[in-house]
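J.: Dropping a prediction and its sequence here:
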Amino acid sequence: MTIVYKTRTQLVVETLREKILSGEIKAGQPLRQAALAEELNVSRIPVREALLQLEAEGLVAFEPHKGATATELNASQVDELFELRAMLEGDLLAASIPNLSEEDLAHATQLLGKLDKALGKENAANTWSELNSDYHNCLYSGAVRPQTQDLVNTLNKNADRYIRMHLLWAGGISKAESEHNEILRLCKMRDVEGAVTILKQHILSSRDEIKEFLSGREAAEKQ
């Protein structure tokens with residue numbers, strides 16, 4: 001049996017993340033470092049470090065004169081974000097596939113291998129999220145459409161906290177893994193239509209699972 005050692009900061013991150021995602025900590029609720037340190041029986045340093053990590057994940061915001069607060073996770077925002085992603089990323093992939101070199105495809109294969117290994121390690125969500133972006137961007141690199149790529153990067157930044165939530169909470173990984181492999185296989189075959197279809201399905205199925213999770217959470221909060 002492998003014993004995974006977790007730092008105090010990591011334990012605080014996981015505790016607070018769970019409370020925010022489950023709705024126990026409400027959107028806009030102040031996260032006071034002294035009170036959290038006392039509640040979790042740690043010093044303020046791991047609490048401060050944990051809040052900064054959760055800010056990077058989009059679950060916490062630091063506001064002037066207010067300190068850290070939990071951000072809102074909004075089911076209606078998910079629709080627009082993920083539908084725009086499906087449309088623009090589908091266009092990027094279609095434009096990119098004919099121009100992808102063997103080196104690009106080898107790099108994408110290498111990134112997929114790293115994605116598989118990232119799971120189960122400390123900070124898995126952060127590492128997985130970064131590698132996931134690198135993998136998709138590698139497949140879009142042949143498009144040479146910088147303005148579309150900039151828009152996609154902005155959308156992905158806004159969607160990132162939902163993607164991490166999907167990863168941590170809704171078990172979105174196993175499905176993503178098989179879809180990633182299938183997209184790459186179709187890219188290698190230069191099957192533009194097939195690859196774009198699976199990519200859009202990949203993005204929109206994440207949307208549906210995230211919305212289902214958020215709706216369930218909102219219903220539980222009303223009870």
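T.: Yep, it's here. Residues are numbered from 1 along each chain as shown.
J.: Going along the chain, name the strands of the chain.
T.: Ranges of strands within the chain are 60-63, 67-70, based on DSSP state E.
J.: which parts of the first one are buried?
T.: Read it as strand 60-63. By neighbour count on 16 or more other CB atoms under 10 Å, the buried set for strand 60-63 is 60-61. For every residue, glycine as well, the C-beta is placed using N, CA and C.
J.: Pull up the pairing partners for it, direction included.
T.: Paired neighbours of strand 60-63 in the sheet (DSSP bridges): strand 67-70 (antiparallel).
J.: in the protein, which segments are predicted with low confidence?
T.: By pLDDT under 70, the low-scoring segments of the chain are 1-6, 119-125, 168-174, 221, 223.
J.: at 80 what do you get?
T.: For the chain, applying pLDDT under 80 flags the ranges 1-6, 21-23, 57, 65-66, 118-127, 161, 164-176, 217-223.
J.: Return the distance of the residue located most distally from the centre of it relative to residue 68.
T.: Using CA atoms, centre = their mean, the residue of the chain lying farthest from its centre is residue 38. It sits 30.2 Å away. Going from residue 38 to residue 68 by CB to CB, to the nearest Å gives 16 Å.
J.: what do you get for residue 81?
T.: Residue 81 sits 24 Å away from residue 68, going by CB to CB.
J.: Kindly report the same for residue 192.
T.: For residue 192, the distance to residue 68 equals 45 Å [CB to CB].
J.: These two: which is more packed in?
T.: Comparing residue 192 with residue 68 by neighbour count (other CB atoms under 10 Å), the higher total belongs to residue 68, at 23 against 16.
J.: Which strand residues bridge that one?
T.: Bridge pairing for residue 68 - DSSP bridges - gives residue 62.
J.: residues in contact with it?
T.: Counting by CB atoms under 8 Å, 6 or more residues apart in numbering, residue 68 touches 30-31, 33, 51, 55, 60-62.
J.: Whichever helix in the chain runs longest - contacts with which helices or strands?
T.: Longest helix of the chain, by residue count under DSSP state H: helix 192-222. Contacts defined by 3 or more CB pairs under 8 Å, 6 or more residues apart in numbering; DSSP states H and E place helix 192-222 against helix 75-96, helix 146-169, helix 173-188.
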